[in-house]
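[1] with the sequence up front, the predicted model follows.
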Amino acid sequence: MRNKFSLIIMVMLIAALPLAASAKLTPRKAPFKPKPKTAVKTAVKPAPKNPVEWAAKVNNDIISMDLYNKRVDAALKETTKKVSIEAAEEKGLIADTKKSVLEQMIEAVILLQWAEREGIEISDKTIKARIAEIKKSFPTVHEFHKSLAEQGMTVDDLSRDIKKQIIIDKLIAMRAKAVAITDEEIRSFYDKNADLYVQNNKFHLQQISRKDIKDIQTEKLKLDTGEIFSGDDLGIVEKGMLPVQDDSSIFELKTGDISDIIPGEAGYYIFKAVEVIPGRETKFQDVKDNIRKFLLNEKGRTQYTKDLQEEKASSKIILNEKLGILF
């Protein structure tokens with residue numbers, strides 16, 4: 001911060017008194033009056049300006065080197081949580097991180113400039129409301145701030161990211177309004193993604209598990225000779241949720257059926273289908289509007305990505321020579 005100084009200049013003006021008249025009878029001379037001294041003015045020099053060192057210039061805006069370094073430090077903390085600094089350096093991760101951070105910061109500036117030209121304004125109230133919603137997902141405010149700190153972020157960083165995302169969403173929405181989706185496109189998407197609209201059967205299962213193969217074989221023999229199935233209740237499960245190597249035979253069981261011995265992650269299992277809940281297919285008419293919204297958003301996003309590249313290409317971007325080696 002530039003210091004401001006106040007300088008008070010005291011100037012002493014010396015007024016000369018008239019000389020006494022001579023006692024002799026000689027013509028009187030006008031009393032001598034010395035010329036008043038001219039006040040000496042001391043020029044107040046402004047404190048020297050310390051120009052902000054910049055990492056990049058984007059059109060008429062700058063990205064300060066100080067802010068860039070802070071973002072890099074935060075990003076590197078995340079990177080070095082997984083690998084050592086030496087390993088990160090060897091793999092080129094540090095240089096990649098520095099480059100990625102600068103690219104993201106440049107893109108953020110371009111987005112803000114673009115949004116301003118488009119007349120997009122994001123109020124502080126809107127951002128605070130988003131943050132309040134995020135806080136609700138944490139048990140305490142302390143946990144919220146702790147999570148931010150672990151990611152090397154502050155509330156200001158979160159606010160910036162939220163603002164950026166809202167701008168992107170609005171730009172995409174603006175482009176989505178300019179495109180049209182036909183019924184043929186919607187139907188084609190539905191047919192090509194039929195699996196998305198079919199709910200598979202759900203199973204209420206019980207299981208018996210043993211680590212040793214001989215123990216599970218003993219349990220299976222008891223069941224085959226009429227012993228009542230007595231195992232852990234798994235509740236309602238779907239295909240892919242069980243810790244076994246192959247669940248295909250399990251999800252072919254009918255209500256009351258008991259499976260063969262099935263190997264899994266922690267040993268061996270036997271399952272019983274307590275109840276089979278039939279799946280159902282979602283009809284085209286029930287999802288038509290949702291598909292239309294999805295396709296509009298996708299087309300809007302595609303156009304946004306294209307426009308963003310054009311914005312970058314038309315922007316005047318100058319990198320600090322210290323960072324030019326990253327590219």
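    It's in. Numbering: from 1, shown residues only.
[2] what's the pLDDT at residue 31?
    Note for residue 31: predicted pLDDT of 42.
[3] is residue 207 in a helix, a strand, or coil?
    At residue 207 the chain is in strand, as set by DSSP: H, G, I helix; E, B strand; the rest coil.
[4] what count of nearby residues applies to it?
    21 (other CB atoms under 10 Å). Where you see a C-beta, it was placed from the backbone N, CA and C, and this is true even at glycine.
[5] the residue nearest the centre of the chain and residue 155, how far apart?
    By CA atoms, centre = their mean, the chain has its centre lying nearest to residue 161, at 4.9 Å. Distance, residue 161 to residue 155, using CB to CB, to the nearest Å: 11 Å.
[6] extract the CA atoms of the helix or strand of the chain with the lowest mean pLDDT and return them as PDB.
    Ranked by mean pLDDT, DSSP states H and E, the weakest helix or strand in the chain is helix 85-90, scoring a mean of 82. In PDB, the C-alpha atoms belonging to helix 85-90 read as follows (Å, rounded to 0.1, in the frame of the first residue of the first chain):
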ATOM      1  CA  ILE A  85       7.700 -32.300  -4.800                       C
ATOM      2  CA  GLU A  86      10.700 -34.200  -6.400                       C
ATOM      3  CA  ALA A  87       8.400 -36.700  -8.100                       C
ATOM      4  CA  ALA A  88       6.100 -33.900  -9.300                       C
ATOM      5  CA  GLU A  89       9.100 -32.000 -10.700                       C
ATOM      6  CA  GLU A  90      10.400 -35.100 -12.400                       C
END
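[7] that helix - contacts with which helices or strands?
    With contacts defined as 3 or more CB pairs under 8 Å, 6 or more residues apart in numbering; DSSP states H and E, helix 85-90 has these neighbours: helix 93-118.
[8] buried sites along the helix or strand that comes right after the helix it packs on?
    Using DSSP states H and E, the next helix or strand after helix 93-118 towards the C-terminus is helix 124-136. Under the neighbour-count criterion of 16 or more other CB atoms under 10 Å, helix 124-136 has 127, 130 buried.
[9] on that earlier part again, now do the residue nearest to the centre of the chain against residue 124, distance only.
    Residue 161 is 15 Å from residue 124, where distance means CB to CB.
[10] residue 153 now?
    Here the criterion is CB to CB. By it, residue 153 lies 18 Å from residue 124.
[11] same deal with residue 70?
    22 Å.
[12] now residue 234
    Distance of residue 234 to residue 124, given as CB to CB: 48 Å.
[13] what do you get for residue 150?
    26 Å.
[14] quick one: the helices in the protein?
    Along the chain, counting by DSSP state H, helices occupy 65-79, 85-90, 93-118, 124-136, 141-150, 155-176, 183-192, 213-224, 284-314.
[15] which among these is found nearest to residue 320?
    Distance to residue 320, taken as CB to CB, is lowest for helix 65-79 among the helices of the chain, at 6.7 Å.
[16] mind listing what's buried in the closest one?
    Residues of helix 65-79 classed as buried: 65, 68, 71, 72, 75, 76 (neighbour count, 16+ other CB under 10 Å).
[17] how is this structure partitioned into domains?
    If you go by automatic domain parsing, the domain ranges for the chain are 54-177+316-326, 199-277.
[18] got the end-to-end distance for the longest one?
    Taking CA to CA, to the nearest Å, the span from the opening residue of domain 54-177+316-326 to its closing residue is 15 Å.
[19] kindly report the same for the shortest one.
    Its first and final residues considered, domain 199-277 spans 10 Å by CA to CA.
[20] before we move on, what about stretch 275-292?
    37 Å.
[21] what residues does it touch?
    Here stretch 275-292 makes contact (CB atoms under 8 Å, 6 or more residues apart in numbering) with 181, 186-187, 189-190, 197-204, 236, 253-255.
[22] what of stretch 251-271?
    200-201, 203, 205-213, 215-217, 219-220, 223, 229, 231, 239, 242-247, 249-250, 272-276.
[23] list the buried residues for it?
    Under the neighbour-count criterion of 16+ other CB under 10 Å, stretch 251-271 has 251, 253, 258, 259, 262, 268, 269, 270, 271 buried.
[24] farthest pair in those residues?
    By the measure CB to CB, 251 and 268 form the most distant pair in the buried residues of stretch 251-271, at 18.3 Å.
[25] tell me the confidence at the residue nearest to residue 316 when sequence neighbours are not counted?
    Nearest residue to residue 316, sequence neighbours excluded (CB to CB, 6 or more residues apart in numbering): residue 59, at 5.4 Å. Note for residue 59: predicted pLDDT of 95.
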